[in-house]
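Undergrad: With the sequence up front, the predicted model follows.
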Amino acid sequence: MGAGSEFAETLAAAQRGEEWAVGRLWRDLNPPLVRFLRARHGDHADDVASETWIRVSRGIGRFDGSHMDFRAWFFTVARAASIDWYRHAARRPQVASDASALEHRPAPDDSAKAALDAIDTVAALALVARLPADQAEVILMRVVAGLDAEHVGRVLGKRAGTVRVLQHRGLRRLAELLDAERPQTKDVTR
């Protein structure tokens, strides 16, 4: 979705509850939201994404700002939902259910294709998950959420310069991790 008047029109329509506008926001923001949350929550990312959208729907009427301000606000809401999910999970441990109930559930249309499509994303998110928490969060907010350093700083309560330093360190560490995982080839010419 473009910025400027197109975003302003879409936001105003979403605030009125028009389905097309909410759908446009969802198509624009849900894929990066799920990638952001998958790095933090794994298989529970969709649950936290749902909670994020519920919170966004409750607060969108009060929002006023630009497209980038909206993205920053949106990912602030997502981060709060993520933190609350961890708090809730810590208070209420899960009980394993009967696995035989899963035997009768239909499989998705093409689970093999979905798995292959997700391999690169999963591998990248697994690498990001190996970073220190502050670096991983900055990388996810900058790359996945598409926020600039100033907006990430507002979301995380840090200065933009600090965000840039954390991003630089995180990217350097990711490069080191990638180098370490590449198969080392021996020089056979000697």
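TA: Now that the structure is in, tell me what you want to look at.
Undergrad: Please name the residues that touch Gly61.
TA: Residues in contact with Gly61, defined by CB atoms under 8 Å, 6 or more residues apart in numbering, are Gln15. Bear in mind the C-beta positions are built from the backbone N, C-alpha and C, glycine included.
Undergrad: Regarding it, what is its secondary structure?
TA: helix (DSSP: H, G, I helix; E, B strand; the rest coil).
Undergrad: Against Trp20, how distant is it?
TA: 17 Å (CB to CB, to the nearest Å).
Undergrad: Over to Phe63?
TA: 18 Å.
Undergrad: Give me the phi and psi angles of Asp148.
TA: Dihedral angles of Asp148 (phi, psi; degrees, to the nearest 10) stand at phi -80, psi 170.
Undergrad: show me what contacts it?
TA: Met68, Arg142.
Undergrad: pLDDT score for it?
TA: On pLDDT, Asp148 comes in at 92.
Undergrad: Then Ile119?
TA: For Ile119, the predicted pLDDT is 58.
Undergrad: Equivalent analysis for Met1, please.
TA: pLDDT, read off for Met1, is 58.
Undergrad: mind checking how far the residue nearest the centre of the chain is from Ala13?
TA: In the chain, the residue lying closest to the centroid (CA atoms, centre = their mean) is Phe36, at 1.4 Å. Here the criterion is CB to CB. By it, Phe36 lies 25 Å from Ala13.
Undergrad: How about Val163?
TA: When Val163 is compared with Ala13 (using CB to CB), they lie 32 Å apart.
Undergrad: more crowded one of the two?
TA: Val163 (25 against 16; other CB atoms under 10 Å).
Undergrad: ok, longest helix in the chain?
TA: helix 67-91 (DSSP state H).
Undergrad: and it, average pLDDT?
TA: 91.
Undergrad: Need phi/psi at Leu131.
TA: Torsion angles, degrees, to the nearest 10, at Leu131: phi -80, psi 160.
Undergrad: thinking it is in contact with Arg173, fair?
TA: Yes: counting by CB atoms under 8 Å, Arg173 is a contact partner of Leu131 at 5.7 Å.
Undergrad: Run through the protein and note the low-pLDDT ranges.
TA: Low-confidence segments of the chain (pLDDT under 70): 1-3, 93-119, 184-190.
Undergrad: Please enumerate the helices of this protein.
TA: 5-15, 19-41, 45-59, 67-91, 111-129, 133-139, 149-156, 160-181.
Undergrad: Give the buried residues for the longest one.
TA: Put plainly, it is helix 67-91. Within helix 67-91, the residues that count as buried by 16 or more other CB atoms under 10 Å are 67, 70-79, 81-82, 85.
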